[in-house]
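[1] This is the structure alone, sequence omitted:
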């Protein structure tokens, strides 16, 4: 048959990255080595935005504003991959910064970039939580220039209809729906701490949610360790192990998620229990822009 051409190969790589396939990174490296043309370099950059992890999302959102040498066509092309529907739990925290950046983008980008920006960020969300972000943004800026307000409303129309249809026809209070809300609430980076008699211990949580399963990393001064757990409704429970006096000690954290905060307890192997709390680490900010 006909040989598979590079545009098709790049589309396959994009999809593998979006789905977080085990060989996705390898496929990206192989295709980037195969296609070294200017368009190949652009497609490699676009594909990178499709990586399903918080670090990649933070890197791209920051670079869109901080890297003045970044080609605008490259930036525009990477928006859809960044906002893949399958990644909405990861990208929801970026929706408000994306809206806050509109005046800056209007002043510093070509006219068509603004439409691509709004369309990608809003079409990449389907939840009531995302719609609430849009409504809150508009309510807090009643003097937003009319052209920007209309663009937001136009691009949010499909999200509005999706939320209404799901509320009307979707199955009420199902485990799947509860888990989806929980995943959108918890996925990402969190600044965490717990209180002990020896003082406050601080660390960072990098959380991922797949269905009811929770995984991720605890970043500590003594070294990173993996965690695993579950999500049920607004309650999370996860475990990780540390070395204490030469022995392995399992810590169990149980907490309730409310917006950008988690509060609960940390249990030290059944021996002691202390207060735990965490707040969502803010995503990189867009450049300050005067919003009315």
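    Received the coordinates, thanks. None of the values given here were measured: they were computed from a predicted structure.

[2] hey, where'd the strands end up in this protein?
    Along the chain, counting by DSSP state E, strands occupy 188-196, 199-210, 213-219, 225-232, 235-244, 247-258, 261-268, 272-280.

[3] Please convert the ones you listed to a markdown table, extending it with mean pLDDT.
    Output for the strands of the chain, formatted as a markdown table (pLDDT from 0 to 100):
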| stretch | mean pLDDT |
| --- | --- |
| strand 188-196 | 90 |
| strand 199-210 | 90 |
| strand 213-219 | 93 |
| strand 225-232 | 93 |
| strand 235-244 | 92 |
| strand 247-258 | 92 |
| strand 261-268 | 93 |
| strand 272-280 | 93 |
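
[4] Throw those into JSON lines and include mean neighbour count and distance to residue 112, thanks.
    (Each C-beta comes from the backbone N, C-alpha and C, glycine too.) Below are these laid out as JSON lines (neighbours: other CB atoms under 10 Å; distance: least, CB to CB, whole Å):
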{"stretch": "strand 188-196", "mean neighbour count": "18", "distance to residue 112": "30"}
{"stretch": "strand 199-210", "mean neighbour count": "17", "distance to residue 112": "34"}
{"stretch": "strand 213-219", "mean neighbour count": "17", "distance to residue 112": "38"}
{"stretch": "strand 225-232", "mean neighbour count": "16", "distance to residue 112": "39"}
{"stretch": "strand 235-244", "mean neighbour count": "16", "distance to residue 112": "41"}
{"stretch": "strand 247-258", "mean neighbour count": "15", "distance to residue 112": "38"}
{"stretch": "strand 261-268", "mean neighbour count": "17", "distance to residue 112": "39"}
{"stretch": "strand 272-280", "mean neighbour count": "17", "distance to residue 112": "32"}
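
[5] mind putting those strands in a markdown table, distance to residue 146 included?
    Shown next, in a markdown table, are the strands of the chain (distance: least, CB to CB, whole Å):
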| stretch | distance to residue 146 |
| --- | --- |
| strand 188-196 | 33 |
| strand 199-210 | 39 |
| strand 213-219 | 43 |
| strand 225-232 | 41 |
| strand 235-244 | 42 |
| strand 247-258 | 35 |
| strand 261-268 | 35 |
| strand 272-280 | 32 |
